[in-house]
Structure formats: structure tokens, C-alpha cells
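Q: Give me a 3D structure for the following:
(one chain, ligands or ions: 1)
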Amino acid sequence: MDLIYFDNAATTPIYPEVIETMHATMQEDFGNPSSVHAAGRSAKAMVESARKYIANQMGVLPKEIIFTSGGTEGDNTVMQSALHQLGIRHFISSPIEHHAVIHPLENMVQQGHIKLDLVNILPSGLPDKDDLKRLLSSSDEKKMVSLMHVNNEVGTIIDLNAIGNLCHEHNALFHTDTVQSIGHFDLDFGVLPVDFAVASAHKFHGPKGIGFLYIQKDTGLSGILLGGSQERGMRAGTESVHNIVGMHTAFQLSCKRMQADALHIKDLKSYCLAQLQAALPGTIFNGASGDFENSTYTIVNARLPMDEKKAQLLAFYLDLQGVCCSKGSACQSGSGGESHVLQYLLTAEQNKAPSLRFSFSAHNTKTEIDKLIDILVDYAKN
Ligand SMILES: Cc1ncc(COP(=O)(O)O)c(C=O)c1O
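A: Okay, the predicted model is just below:
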């Protein structure tokens, strides 16, 4: 059975060119970048070439890019370093952040190290700016704000300029989780008022277990992993050269194809929204995922007009039919699929209906959407 893969916010298929470059690197460039001989120098050159390319694309200096194992490490590094190295005790975040941000913050609260305020989130998934202003004005001390650029469940996009400027006006550093946007949007951290941002290669057709962290050079933030002096002492550990090379190629291809891919995916999303509403009247799009202004073009989070009983087996049924997507409703039974995002954004009653996240890449087609709609309609009828 051919799979219909609509779960690109979870991970994307690796570009064949990426596999080729990684394969060649693993076979031929096995040197340790810290070694001073030819094999080491060759590996080091590949790592630095990736850093230079990424920094250039992001509008920053190569020394402001640190390679990490992915989004989770990047987010954890910023939160923990802000406390331990910068001495920040007041953090502001939101209830719909990724767990890679929420869990380290909660852990720091439990240990009595920090005060954490969560900004109110509007039904669209956007932060309430007045509430953010109120929290930022509540003290003069140095603060850290962490608000994600694109929400991985409902796709809401925040205005990095407006939020970042607000933070800077109130003595707050601004961290944003850009895992769902880097590789899909053209971001220039040389211009945007962002101090820290994280990326994960497997969200833009690269390998898993590699990503990068942008640290604005004047912030004074350093890493949490101690050991060797790799990454200028910011992140100890032998560099994962084949993964870095794979991420480099994936990022190059994503940047090159971004405009054309975005057009194609936007068209798919429009089609998906229209087809779902036509075939299953009463479908509601969670957060802002039904529009393009406040939501990413890659994600649709749909609440389907089905009762609780139907909701329970829907994800299972789609899986049996070869459809890969994420279930996001708070009370769908099964494998721990409770979504803290939908629990926050929706009422208990609304969460009785099944919510599904469909997330697209340039590999998807309208024919696949037609198949999905047929499968959903069949399931709703029977
Ligand atoms: C918004 C967001 N942040 C962080 C992560 C974690 O990234 P990684 O899988 O690279 O650790 C993810 C992955 O799902 C994500 O969507």
C-alpha cells in the first residue's frame, strides 16, 4: 500500500541528494574535525563550510551558529544557559509552546530557580500582546521571553518583529523556537530583533539528530555541555560531521526551492481546506490554521464533525488506510495523544470532536488529498 504522508511537521522525508552527500562523507571523510592532520582538516573544512552557508542565509556571523543535536537541545541550551550563565530569574513563555521549551522551564520552576509567567493565548493561537506587555512591565529585572515562531500543532505564526521589539523595550532577551519555520520561511536574524533561535534539520528534509542554534553574539550566552573545546567551547562533543554535511545540503536545497515549494504547498493547503469543508460540512480549523495570514502554509489542523465514538477510532482507521497524520484532540483515546495545545485552545466540549493535523511538503499532491477526503467521508458514513 502506498502511504499518504501528511505528517511533515513531525518529520520530512530526506532528500536523496542529502543521503548521497552523507553517504560519501561517512565513507570518505571520517576524520575528527579536532585532529590537526589532513583527515581532520578535511572534516573541519566541511563543518565550517556548513556553518558559513547557514550563517550567511540567516544574515548572521558564522560564530553565532552552533551545531546541536536538534531542536530539543537548542531550546534546552537557551533556557538553562539563560539561568545559569546569564543569571536570569524571570522567564515569560506561553502554554502552547513545544515541550522542549515548557519542560525545562517547569523543571527550573520546580527547583525554585525561576519565576515563570505564561502569557494569555488568543483562540487564534497568537499571544495576547497586551498581556505580554503587562508581564514585561511587571518588573525591571532582566527577563527572558520564549515564544515559538510557528506553532507545530495549529500552525499559528507570530510577528517576530513586533514581539522581539516589545521584549527589547522591556529589558528582555527574546528566544524563539523556529523549528517549524527555518527551511520554510526566509528569516534574517541580522535584521529581526531575535536573540536566540533554533532549527532542526529533519523538518526540512535533512537527517534527524542535527540542528543549529543561533546565539546573538552580544548576549553572552554559552552552552551547557562541558568537555572538549568544539564549537568554540559552546557545545562540547565531537561534531557529527555526516549529519552536519547532510543538514548543509538539505538547507541549500530548501533555500533554493523555497519559493516554488511554498507556492505548491499553499495551493495544496487551500485545496485541502476547501475539500474538507465541502465534503464534511461543519469542519472547523483549529487556531488560525484555516487562514494564511496568521498561520503557516504547511499545516492544517481540522476539527471534524464526528461524535465521540467515531473520534476514538479515527486515527487508527486512517493508519489502516495508509494515511500518516497526527491526531491532536485532547480526548481521543489511545496512545497518549493528548495535546496540551488543543486542551488550552478548545473547550472540553469542542475537544470531544476529533482533531487531526495534516502537514504537507512539496512531495504531496492533490490526488492524495482527494484520497484522504474519500477515506474520511467513508468513515463518517459507516
Ligand atoms: C516546534 C518544535 N520545537 C522543537 C522540536 C524538537 O526538535 P527535535 O526533534 O529536533 O529535537 C520540534 C519537533 O517536533 C518542534 O516541532
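
Q: For this protein, just list every one of the strands.
A: For the chain, the strands defined by DSSP state E occupy 4-5, 65-68, 90-93, 115-118, 143-146, 172-177, 196-200, 211-215, 284-285, 299-303, 323-324, 326-327, 355-359.

Q: Now mean neighbour count and distance to the ligand too, for the ones you listed, in JSON lines please.
A: C-beta coordinates here come from the backbone N, C-alpha and C atoms, glycine included. Output for those, formatted as JSON lines (neighbours: other C-beta atoms under 10 Å; distance: least, C-beta to the nearest ligand atom, whole Å):
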{"stretch": "strand 4-5", "mean neighbour count": "20", "distance to the ligand": "16"}
{"stretch": "strand 65-68", "mean neighbour count": "24", "distance to the ligand": "8"}
{"stretch": "strand 90-93", "mean neighbour count": "23", "distance to the ligand": "13"}
{"stretch": "strand 115-118", "mean neighbour count": "17", "distance to the ligand": "17"}
{"stretch": "strand 143-146", "mean neighbour count": "26", "distance to the ligand": "11"}
{"stretch": "strand 172-177", "mean neighbour count": "26", "distance to the ligand": "5"}
{"stretch": "strand 196-200", "mean neighbour count": "28", "distance to the ligand": "3"}
{"stretch": "strand 211-215", "mean neighbour count": "26", "distance to the ligand": "5"}
{"stretch": "strand 284-285", "mean neighbour count": "19", "distance to the ligand": "19"}
{"stretch": "strand 299-303", "mean neighbour count": "27", "distance to the ligand": "10"}
{"stretch": "strand 323-324", "mean neighbour count": "18", "distance to the ligand": "15"}
{"stretch": "strand 326-327", "mean neighbour count": "20", "distance to the ligand": "10"}
{"stretch": "strand 355-359", "mean neighbour count": "27", "distance to the ligand": "10"}
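
Q: Lowest mean pLDDT across these, which one is that?
A: Confidence, taken as mean pLDDT, is least for strand 326-327 of the strands of the chain (a mean of 88).

Q: Does that one pack against any helices or strands, and if so which?
A: When contacts are defined as 3 or more C-beta pairs under 8 Å, 6 or more residues apart in numbering; DSSP states H and E, strand 326-327 packs onto strand 355-359.

Q: and the strand it packs on with strand 299-303, angle?
A: On the basis of axes from the mean of the first three to the mean of the last three C-alpha atoms, to 10 degrees, strand 355-359 is oriented at 160 degrees to strand 299-303.

Q: List the contacts of strand 355-359.
A: Residues outside strand 355-359 that contact it (C-beta atoms under 8 Å, 6 or more residues apart in numbering): 6-10, 153-154, 272, 286, 298-304, 314-315, 318, 325-329, 332, 339, 342, 346, 372.

Q: Okay, now the sheet partners of the lowest-mean-pLDDT helix or strand in the chain, with direction.
A: Lowest by mean pLDDT, DSSP states H and E among the helices and strands of the chain is strand 326-327, with a mean of 88. Strand 326-327 sits in its sheet next to strand 355-359 (antiparallel), going by DSSP bridges.

Q: how about the partner strand as PDB, C-alpha atoms only?
A: Once non-C-alpha atoms are left out, strand 355-359 reads as follows in PDB (Å, rounded to 0.1, in the frame of the first residue of the first chain):
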ATOM      1  CA  SER A 355      -8.900  17.000  15.600                       C
ATOM      2  CA  LEU A 356      -6.300  16.000  13.100                       C
ATOM      3  CA  ARG A 357      -3.200  17.700  11.900                       C
ATOM      4  CA  PHE A 358      -2.300  17.400   8.300                       C
ATOM      5  CA  SER A 359       1.100  18.800   7.400                       C
END
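
Q: any idea how far it is from the chain center?
A: Taking the mean of its C-alpha atoms, strand 355-359 sits 15 Å from the chain's own mean (C-alpha atoms, centre = their mean, to the nearest Å).

Q: got it, and stretch 222-234?
A: Centre-to-centre, stretch 222-234 and its host chain are 24 Å apart (C-alpha atoms, centre = their mean).
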